[in-house]
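Asks: missing the sequence, but the structure's below:
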Ligand SMILES: [Zn+2]
């Protein structure tokens, strides 16, 4: 794995951590939608996406899935799973071991 691909994956893993923290802070969030940060590989990206809890969980259910603002996908490192209004679910095709290892939920469950 090249250094740049690893860096892209590291950015995405970091944004995922941020979203998990946002979800924690939004205690009792079940209905309606909330803002999550775009989990694209661009370190400078500050875009947010609006998702409901169920949609967010559908992304987080897989270690290699990330949610990004529409148009932020980098097809060299990920493939598109689903396109929605304003956001896209992508699956990492490079660095999938890395993003699986750094999955906060995998870590939390002690697997
Ligand atoms: Zn982005």
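Replies: Noted; the coordinates are in hand. Here the structure is a predicted model, which is why all the values come from computation and not from measurement. Numbering: from 1, shown residues only.
Asks: what comes into contact with the top helix by length along the chain?
Replies: Longest helix in the chain, counting residues (DSSP state H): helix 3-25. The contact list for helix 3-25, computed with CB atoms under 8 Å, 6 or more residues apart in numbering, reads 29, 34-43, 45, 56, 60, 66-67, 74, 77, 92, 94-95, 98-99, 102-105. Every C-beta, even on glycine, is put in place using the N, C-alpha and C of the backbone.
Asks: same question, stretch 94-111
Replies: The contact list for stretch 94-111, computed with CB under 8 Å, 6+ apart, reads 1, 5-6, 8-10, 12-13, 16-17, 20, 60, 63-64, 66, 76-78, 92.
Asks: Go again with 6 Å.
Replies: 5, 9, 13, 17, 20, 63-64, 77, 92 (CB atoms under 6 Å, 6 or more residues apart in numbering).
Asks: quick one on the thing from earlier: chain center to the longest helix of the chain: distance?
Replies: 7 Å (CA atoms, centre = their mean, to the nearest Å).
Asks: I'd like the average pLDDT over that helix.
Replies: Throughout helix 3-25, pLDDT has a mean value of 92.
Asks: ok, the helix or strand following it near the ion or not?
Replies: Later in the chain than helix 3-25, the nearest helix or strand by DSSP states H and E is strand 33-37. No. Applying CB under 5 Å from the ion, one finds strand 33-37 separated from the ion by no less than 8.1 Å.
Asks: Strand 33-37 pairs with which strands?
Replies: Here strand 33-37 is paired, per DSSP bridges, with strand 48-52 (antiparallel).
Asks: Past the partner strand, which element shows up next along the chain?
Replies: That would be, after strand 48-52 and using DSSP H and E, helix 53-60.
Asks: Skip ahead from that next one and say which helix or strand is next.
Replies: Where DSSP H and E defines the elements, the next helix or strand beyond helix 53-60 is strand 65-69.
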